[in-house]
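1. any chance you could fold what I've pasted below:
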Amino acid sequence: MKFVDIAEIFVKAGRGGNGALSFRREKFVPKGGPDGADGGKGGDVIIEAVGGVVTLADFEYDKRFQAGHAGHGSGAMRTGANGEDLKIFVPCGTLIKDSDGEILADLVEPGQNFIAAHGGRGGKGNAHFATSSRRAPKFAEKGDPGEERNLILELKLIADVGLAGFPNAGKSSILAAISGAKPKIAGYPFTTLSPNLGVLAVDDAKVVIADLPGLIEGAHEGKGLGLQFLRHVERTRILLHVIDLSQADPVETFHALINEFKEYGADLASRPCIVIGNKIDIEGTQENSKLLQAEAEKISALYMAVSALTGENIPELIKNIAELVRKTPAVKLDYDPGELIELVPKKVSRRASHTPVQIIKQADGSFRVEHENFEKSVSRINFEHEDALQKFSRLLKSLSVEEALEAAGAKEGDKVYIGDIEFDFEPEIVT
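-> Predicted structure coming up:
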């Protein structure tokens with residue numbers, strides 16, 4: 001499967017169902033009695049983390065997601081059915097960001113989920129508006145549209161150990177030797193293009209090891225796989241720096257590798273690590289091993305010379321990896337995934353509902369009325385119903401919209417916009 005760790009998707013929740021305008025036929029009940037029920041709630045779009053998946057490849061072509069619309073209310077107090085929720089499954093370690101790059105959720109454990117778009121509220125049926133003074137309301141509400149938004153999914157693999165090194169250092173061979181994984185291995189300067197995961201079992205403990213996409217100089221500037229590689233190192237507890245001892249100057253390679261981590265930041269250069277000199281089985285590598293060991297000691301790192309081919313010192317390496325993982329806590333994030341902003345609709349306080357409307361005069365001489373709660377209330381009015389205009393008029397009076405328009409210079413016949421509603425301004429004449 002192709003490895004993909006960045007994806008952009010569009011999500012849209014379901015629309016709420018319309019409320020019903022209906023009257024029951026019953027003797028001695030005025031107008032038959034209102035029995036129009038509410039519409040159902042639209043379906044949510046939910047993103048959930050699952051284990052066993054290490055790529056966002058499913059989103060390379062499938063980028064638009066729509067939850068189910070709700071059913072409309074009907075007579076005899078039959079409420080509309082709720083829309084079906086839509087679940088989108090992603091790998092553990094997936095960050096969810098809005099189109100501006102703000103982190104909305106970080107799904108690190110299987111089963112963690114995030115409501116990416118809330119379904120629209122169902123409209124109220126006319127039975128909801130019946131009162132002692134208004135026994136036969138001839139209007140009902142439309143359902144609200146569902147939330148919609150563009151999202152960025154960014155995968156940062158969850159692993160305890162990250163194998164880091166330049167192409168042909170032998171990272172994949174070491175992964176195979178210590179964990180039994182079967183990554184693709186080549187005898188030429190070949191770089192891993194997607195992460196390979198292995199599990200090291202020691203004393204009933206399981207250590208997840210990631211052979212991360214190959215690194216080249218300048219990766220912190222985006223060269224080669226660049227940031228795609230370094231992103232996956234951020235969450236590993238420890239790093240294994242793998243250096244090919246058979247090359248001319250392994251010390252220079254080691255410095256270049258460490259420099260990439262320093263330039264990238266995220267505290268990678270100071271992450272607990274083991275420096276591994278690989279291919280000790282090749283004749284003439286002993287001197288290079290001594291030089292590399294001296295450099296590792298300068299940064300207080302454990303050094304081990306091994307051969308992934310013959311297995312020399314591999315058991316000792318496994319023991320040291322397990323021991324270092326045990327005493328190294330998980331990487332602390334600079335935020336709490338459980339406390340990230342969720343897209344939960346905020347309840348409107350009474351004070352907010354009485355906030356004055358804003359009147360904006362537009363370039364063409366028309367006027368736009370802006371007030372979030374007022375606009376939402378107007379959008380729910382079904383103007384096909386007989387008493388809808390009366391309800392609209394009451395809403396205008398509740399926030400003194402007419403007075404605000406006159407104060408802004410609106411004259412009779414001027415165009416006025418409230419959300420998607422357009423009408424001509426006709427001020428009430430006081431005699």
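2. residues near Ser400, how many?
-> Applying other C-beta atoms under 10 Å, we find 13 other residues in the vicinity of Ser400. All C-beta atoms are positioned from the backbone trio N, CA, C, and that covers glycine.
3. let me see the contact set for it.
-> For Ser400, the contacting residues are Pro356, Val357, by C-beta atoms under 8 Å, 6 or more residues apart in numbering.
4. repeat the analysis, applying 10 Å as the threshold.
-> Applying C-beta atoms under 10 Å, 6 or more residues apart in numbering to Ser400 gives the contacts Pro356, Val357, Glu406, Ala407.
5. kindly report the same for Glu412.
-> Contacts of Glu412 (C-beta under 10 Å, 6+ apart): Asp424, Phe425, Glu426, Pro427, Ile429.
6. gap between it and Phe374?
-> 22 Å (C-beta to C-beta, to the nearest Å).
7. next one: Gln66
-> Going from Gln66 to Phe374 by C-beta to C-beta gives 28 Å.
8. when these two are compared, which one has more neighbours?
-> Phe374 (20 against 17).
9. and Leu324, which helix or strand is it part of?
-> helix 314-326 (DSSP states H and E).
10. and the contacts of Ser400, which of them are in helices?
-> Among these, the members falling in helices (DSSP state H) are Glu406, Ala407.
11. any idea how this protein splits into domains?
-> Residue ranges for the domains of the chain, per automatic domain parsing: 6-155, 161-326, 350-424.
12. give me phi/psi at Leu163?
-> With angles defined as degrees, to the nearest 10, Leu163 sits at phi -90, psi 120.
13. with Ala117 instead?
-> Ala117 adopts backbone torsions of phi -150, psi 130, taken as degrees, to the nearest 10.
14. likewise for Gly409?
-> Residue torsions, per degrees, to the nearest 10, at Gly409 are phi 100, psi 10.
15. so what touches the host helix or strand of Lys397?
-> For Lys397, the host element (DSSP H and E) is helix 388-398. If you take C-beta under 10 Å, 6+ apart as the criterion, helix 388-398 is touched by 21, 129, 134, 137-141, 353-354, 357, 369, 374, 377-378, 380-383, 385, 401-405, 416, 418, 421, 423, 428.
16. and what of stretch 357-367?
-> Taking contacts as C-beta under 10 Å, 6+ apart, the residues outside stretch 357-367 that touch it are 368-371, 373-375, 396, 399-401, 403-411, 414-418, 422, 425.
17. output the below-cut-off pLDDT ranges for this protein.
-> 1-4, 28-31, 180-197, 204-205, 212-232, 265-266, 332-354, 429-431 (pLDDT under 70).
18. helices along that one, start to end?
-> Under DSSP H, the chain gives helices at 171-179, 226-231, 250-264, 286-298, 314-326, 350-353, 372-379, 388-398, 401-407.
19. would you mind saying which of these lies nearest Lys97?
-> helix 226-231 (13.0 Å; C-beta to C-beta).
20. in strands only, show me the contacts of Glu412.
-> If you go by DSSP state E, the contacts of Glu412 have Asp424 in strands.
21. for Ile258, state which of the contacts of Glu412 is nearest.
-> Out of the contacts of Glu412, the member with the shortest distance to Ile258 (by C-beta to C-beta) is Phe425, at 70.1 Å.
22. okay, the closest one and Lys411: tell me how far apart.
-> The value you get for Phe425 to Lys411, if C-beta to C-beta is used, is 7 Å.
23. anything in contact with each of these two?
-> Residues touching both Phe425 and Lys411 (C-beta under 10 Å, 6+ apart): Phe367, Leu405.
24. more crowded one of those two?
-> Phe425 (17 against 11).
25. tell me what the helix holding Leu324 is packed against?
-> strand 161-164, helix 171-179, strand 196-202, strand 205-211, strand 238-244, strand 273-278, strand 302-305 (3 or more C-beta pairs under 10 Å, 6 or more residues apart in numbering; DSSP states H and E).
26. okay, now the sheet partners of the last one, with direction.
-> With DSSP bridges as the criterion, the sheet partners recorded for strand 302-305 are strand 273-278 (parallel).
27. next one: the strand it pairs with to chain centre, how far?
-> When distances are taken as C-alpha atoms, centre = their mean, to the nearest Å, strand 273-278 is centred 36 Å away from the chain's centroid.
28. how about stretch 166-185?
-> The answer for stretch 166-185 is 32 Å, by C-alpha atoms, centre = their mean.
29. do the same with stretch 60-71
-> Distance, stretch centre to chain centre, for stretch 60-71: 16 Å (C-alpha atoms, centre = their mean).
30. buried residues in that stretch?
-> By neighbour count on 16 or more other C-beta atoms under 10 Å, the buried set for stretch 60-71 is Phe65, Gln66, Ala67, Gly68, His69, Ala70, Gly71.
31. re earlier: which of the contacts of helix 388-398 are buried?
-> Neighbour counting with 16+ other C-beta under 10 Å marks 21, 129, 137-141, 357, 369, 374, 377-378, 380-382, 385, 401-402, 404-405, 416, 418 as buried within the contacts of helix 388-398.
32. who's in contact with Phe383?
-> Here Phe383 is in contact with Phe139, Lys142, Leu389, Lys391, Phe392, Ile421, Phe423 (C-beta under 10 Å, 6+ apart).
33. mind running it again at 8 Å?
-> With C-beta under 8 Å, 6+ apart, Phe383 has these contacts: Leu389, Phe392.
34. measure it to Gly73 for me?
-> Between Phe383 and Gly73 the distance, using C-beta to C-beta, works out to 18 Å.
35. returning to what we had before: which of the helices and strands packed on helix 314-326 is buried the deepest?
-> Of the helices and strands packed on helix 314-326, the one with the most neighbours on average (mean count of other C-beta atoms under 10 Å) is strand 161-164, at a mean of 28.
36. what packs against it?
-> Applying 3 or more C-beta pairs under 8 Å, 6 or more residues apart in numbering; DSSP states H and E, we find strand 161-164 packed against helix 171-179, strand 205-211, strand 238-244.
37. the same query, at a cut-off of 10 Å, please.
-> Partner elements for strand 161-164 (3+ C-beta pairs under 10 Å, 6+ apart): helix 171-179, strand 196-202, strand 205-211, helix 226-231, strand 238-244, helix 250-264, strand 273-278, helix 314-326.
38. and of these, who's closest to Gly111?
-> Among the helices and strands packed on strand 161-164, the nearest to Gly111 by C-beta to C-beta is strand 205-211 (17.6 Å).
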